[in-house]
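Participant: this one's sequence-less:
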């Protein structure tokens with residue numbers, strides 16, 4: 001059980017947002033963090049090379065395969081998986097510290113990572129999957145980014161089909177056809193999660209335990 005932090009206050013939550021590459025989860029996550037600056041962003045470790053405009057320690061912690069394997073061997077990851085031929089992982093101490101301190105963390109990870117985190121933290125995890133309106137539109141968005149070669153785009157579309165098959169592992173599905181409605185849905189899910197029973201149960205128990213001090 002992971003219902004409350006020391007002192008009886010609510011623990012943090014783990015909001016996991018996944019989608020096929022190009023479906024818009026990064027844009028949606030950035031907007032959520034801009035509106036709710038209290039949400040911490042889980043900066044994953046990865047063995048892939050930085051893309052133009054990415055900064056080490058901001059979008060990802062970029063490490064060698066050797067270092068990643070050493071960290072995995074020391075059990076330093078709460079979750080890790082291979083995606084598109086590269087390793088990605090979340091530092092376990094970052095997750096534990098946030099939960100105990102009552103801080104929320106936002107994750108931009110795939111279904112493999114979400115599955116592992118839910119197994120370790122079943123009460124704190126909220127899983128959201130961002131769906132593209134169609135695979136044709138997903139292909140258009142990938143080509144519009146102009147960062148990948150044709151063969152890479154073809155591989156991403158192939159992987160997208162396999163990722164979509166895991167939709168039933170998620171609590172919520174959001175179709176990102178237009179940014180505003182998609183963001184409104186993500187925002188509503190996060191706000192609702194703040195009032196979920198596991199998160200607020202400690203407050204209810206505190207009221208019950210202290211009821212002898214009430215005026216009636």
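Facilitator: Here it is on my side, so go on. Note that the structure is a prediction, hence the values are computed from the model and not measured.
Participant: Give the bridge partners for the residue nearest to residue 171 when sequence neighbours are not counted, please.
Facilitator: What sits nearest to residue 171 in space, not counting adjacent residues and going by C-beta to C-beta, 6 or more residues apart in numbering, is residue 127, at 4.8 Å. Just so you know, the C-beta spots here come from the backbone N, C-alpha and C atoms, and that holds for glycine as well. Counting by DSSP bridges, residue 127 forms beta bridges with residue 16.
Participant: what do you get for the one 4 residues further on?
Facilitator: The residues paired with residue 131 through beta bridges, assigned by DSSP bridges, are residue 175.
Participant: how about it, what does it touch?
Facilitator: Taking C-beta atoms under 8 Å, 6 or more residues apart in numbering as the contact definition, residue 131 lies against 19, 23, 164, 167, 173, 174, 175, 176.
Participant: quick revisit: what's the separation between the residue nearest to residue 171 and residue 168?
Facilitator: Per C-beta to C-beta, to the nearest Å, residue 127 is found 11 Å from residue 168.
Participant: got it, and residue 182?
Facilitator: Residue 182 is 20 Å from residue 168, by C-beta to C-beta.
Participant: out of these two, which sits in the busier spot?
Facilitator: For residue 182 versus residue 168, neighbours defined as other C-beta atoms under 10 Å are more numerous around residue 182 (22 against 7).
Participant: Apart from its chain neighbours, what residue comes closest to that one?
Facilitator: Counting by C-beta to C-beta, 6+ apart, residue 182 lies nearest to residue 176, which is 4.1 Å off, once chain neighbours are set aside.
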